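K.L.:
Output the structure for:
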Amino acid sequence: MKKSWLLRTASSLLCLLAITATMNACNTPGEGNDTATSDTTTTVPEVKTVQIAIDQYTLIRPDLCAQATVDAAVSLNQAVTEKTGTKFKGFTDDFVKNESEIDPNAYEILVGDTNRPESAEAIKDVSFGFVIKKIGNKIVINASVSSLVDDAVNYFIENYLTPTATDGAFTIPEELNFCQASEGSLIVLDNNKSKFKLIFAD
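P.N.:
Next comes the predicted model:
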């Protein structure tokens, strides 16, 4: 009898301690208490943006390329006209008689593996995937294989090609550098520029 009374008393004391601890935890300053102040504040870094005036840019695709790249460039050209009501300054391929004709400061959107050095620079570290990157006055939309250029263009249209308050323009991050890389043991045969190559994705 004495033993069961001691057990009941001990059990009651433990329950009382648990309830007290819970009540104290609920009243901890900074956790659900409107009058409490917190010393730690979280700040989200501001993303600087730049406005792209469409009529200042020329859309460039490779002269020799897979049909998938041509189709992707055409899709981008059409999407710009439909979404903004404005056309690019020009839409052409990258053919030049001499590399000295390439203007490094020209405002261009490069789709696919063009002869502009920015196209190669943007994709150099990607084994299998695509990139969207702003380099100087160029906006590069490129992929490790031509079959992914369409994915890159679609991503650009869906995420960046939204008209701003000013007609004929859209806004992108000032430091635009998006990369979508794939993993896995995939082997791709790419007939880009009539040269076959094996691409191993890590």
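K.L.:
Report the mean confidence score over stretch 127-144.
P.N.:
Per-residue pLDDT over stretch 127-144 has a mean of 96.
K.L.:
Now Ile132: closest residue in space, sequence neighbours ignored.
P.N.:
Spatial nearest neighbour of Ile132, excluding adjacent residues (Cβ to Cβ, 6 or more residues apart in numbering): Phe178 at 4.5 Å. The C-beta positions use only the backbone N, C-alpha and C, and glycine is treated the same way.
K.L.:
and Thr49, what is it in contact with?
P.N.:
Contact partners of Thr49, counting by Cβ atoms under 8 Å, 6 or more residues apart in numbering, are 171-174.
K.L.:
Do you know the pLDDT at it?
P.N.:
On pLDDT, Thr49 comes in at 89.
K.L.:
so the nearest residue to it once chain neighbours are set aside bridges to which residues?
P.N.:
Leaving aside its chain neighbours, Thr49 sits nearest to Thr171 (4.8 Å; criterion: Cβ to Cβ, 6+ apart). With DSSP bridges as the criterion, Thr171 is bridged to Gln51.
K.L.:
Need phi/psi at the residue nearest to Ile132.
P.N.:
Phe178 has phi and psi values of phi -100, psi 140 when expressed as degrees, to the nearest 10.
K.L.:
and the residue nearest to Gly129 when sequence neighbours are not counted, what is it in contact with?
P.N.:
Among residues not flanking Gly129 along the chain, Ala181 sits closest, at 3.7 Å (Cβ to Cβ, 6+ apart). Shown in contact with Ala181 (Cβ under 8 Å, 6+ apart): 126-129.
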